[in-house]
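Colleague: next come a sequence and a model predicted from it.
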Amino acid sequence: MFAFCTDPSTLPDWQWFACYLTSGTHLAFYWSFVVVMVLILLAAPFALAFGFAGALATRSHMAPIRLVGRTYTSMVRGVPDIVFFLFIPIAIDQALEYILHQVRCPDWDMPIRRGNDFLVCAQAKVPLSSSPAWVHDIYAFSLALFAFALVFGAFAANTLYGAMNAVPKSQTETAEAYGMTKPQAFRRVLLPQMWVYALPGLSNLWMILIKATPLLFLLGIRDIVYWARELGGQKTGFYAYPHPDWRVWYFLVVLVFYLVLTACSERVFEWLMRRFSHGQATAAGERQRRAAA
């Protein structure tokens with residue numbers, strides 16, 4: 001990046017570190033922090049949407065819909081997360097390629113399954129082999145995002161379902177007695193109150209989501225843990241910037257990043273808890289009323 005980085009072996013210490021920390025691989029390391037944050041910030045609302053749909057399905061009075069909701073929450077919660085993280089992207093990828101193969105290559109006369117291999121025509125590859133690298137990166141990231149949202153959505157569904165049941169049923173019944181329809185009672189009475197019961201569980205899910213981001217490496221995405229291991233490992237004289245084993249320092253940076261992210265998250269959830277507890281008939285709401293008296 002700097003003009004004096006032409007020959008690293010002749011540089012004094014501060015210039016050597018300046019060149020070393022601004023090399024192409026380190027820029028990829030810095031970018032991986034952005035990738036992790038984008039994944040978290042996108043996966044959380046998508047997981048919440050999946051969870052909300054799953055909770056509503058579980059509460060449905062229609063048996064088929066209720067069965068779908070219970071199957072979704074029970075199956076995902078009962079299988080190790082890493083299995084779904086590996087299965088979902090592969091299943092979606094092969095399903096898309098199979099459909100495109102049938103559409104774009106109808107004259108293909110060879111089997112798609114050949115032992116352990118899954119082979120389709122070149123026109124059915126997703127994305128195409130000729131696509132630029134950023135297209136492949138976005139596609140891999142999208143599959144990872146969907147896997148995270150689907151898995152954590154099942155846990156969110158169970159949390160939201162319990163929170164909905166925690167709101168006294170008499171309140172919705174009273175709202176209906178005053179002339180509200182069931183959707184109105186749900187939207188105006190149950191929904192605003194359920195968040196105070198759901199927030200503790202959702203905050204735990206958020207922390208688990210943060211801790212699960214190193215699984216990105218298993219999905220073909222080079223995350224911060226991958227780069228910390230690669231950059232911190234011992235480099236010999238064959239490299240432009242040889243150095244001893246510095247993995248402890250790189251992983252210390254990763255550790256600080258996650259600790260800071262966790263600490264900031266706790267502050268945000270504490271603020272949300274105070275916000276949603278205001279005026280509620282809960283222990284936190286009662287403390288707020290006593291403090292204001």
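Modeller: Perfect, thanks for sending it. Residues are numbered from 1 along each chain as shown.
Colleague: these two touch, right, His243 and Gln234?
Modeller: Yes. Counting by CB atoms under 8 Å, His243 touches Gln234, with 7.4 Å between them. Using the backbone N, CA and C atoms, a C-beta is placed for each residue, glycine as well.
Colleague: who has more neighbours out of those two?
Modeller: Comparing His243 with Gln234 by neighbour count (other CB atoms under 10 Å), the higher total belongs to His243, at 15 against 11.
Colleague: list the contacts for that one?
Modeller: Shown in contact with His243 (CB atoms under 8 Å, 6 or more residues apart in numbering): 20, 234-235.
Colleague: ok, residues contacting stretch 226-235?
Modeller: Residues outside stretch 226-235 that contact it (CB under 8 Å, 6+ apart): 25-26, 28-29, 32, 217, 241-251, 253-254.
Colleague: what's the PyMOL line that selects buried ones from those residues?
Modeller: Restricted to buried positions by 16 or more other CB atoms under 10 Å, the PyMOL selection for these reads:
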select buried, resi 26+29+32+241+250+254
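Colleague: among the contacts of stretch 226-235, which are in helices?
Modeller: Within those, residues falling in helices by DSSP state H are 25-26, 28-29, 32, 247-251, 253-254.
Colleague: so which pair among these is furthest apart in space?
Modeller: Ala28 and Val248 (20.6 Å; CB to CB).
Colleague: where in the protein is pLDDT low?
Modeller: Applying pLDDT under 70 to the chain flags residues 1-4, 8-9, 11, 237-238, 278-293.
Colleague: could you dump the contacts of His243 to a markdown table with distance to Gly179?
Modeller: A markdown table is the format used below for the contacts of His243 (distance: CB to CB, whole Å):
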| residue | distance to Gly179 |
| --- | --- |
| Tyr20 | 71 |
| Gln234 | 74 |
| Lys235 | 74 |
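Colleague: in helices, which of those residues appear?
Modeller: Assignment to helices by DSSP H places the following of those there: Tyr20.
Colleague: now the helices for this structure?
Modeller: Ranges of helices within the chain are 13-21, 24-59, 63-78, 81-104, 133-166, 169-177, 182-185, 191-212, 224-232, 247-277, 283-292, based on DSSP H.
Colleague: could those be laid out in TSV, adding distance to Pro111?
Modeller: Shown next, in TSV, are these (distance: least, CB to CB, whole Å):
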stretch	distance to Pro111
helix 13-21	51
helix 24-59	35
helix 63-78	30
helix 81-104	11
helix 133-166	25
helix 169-177	57
helix 182-185	51
helix 191-212	37
helix 224-232	35
helix 247-277	45
helix 283-292	62
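Colleague: quick one: closest of those helices to Lys125.
Modeller: helix 81-104 (6.4 Å).
Colleague: give me the residues contacting that closest one.
Modeller: With CB under 8 Å, 6+ apart as the test, helix 81-104 has contacts from 76, 108, 112, 118, 120-121, 123-126, 140, 143-144, 146-148, 150-151, 212, 215, 218-219.
Colleague: ditto for stretch 164-177
Modeller: By CB under 8 Å, 6+ apart, stretch 164-177 touches 55, 59, 182, 184-186, 188-190, 193-194, 197.
Colleague: again, but for stretch 27-43
Modeller: Among residues not part of stretch 27-43, those counted as contacts by CB under 8 Å, 6+ apart are 141, 144-145, 148-149, 152, 209-210, 213, 216, 221-224, 226-228, 231, 257.
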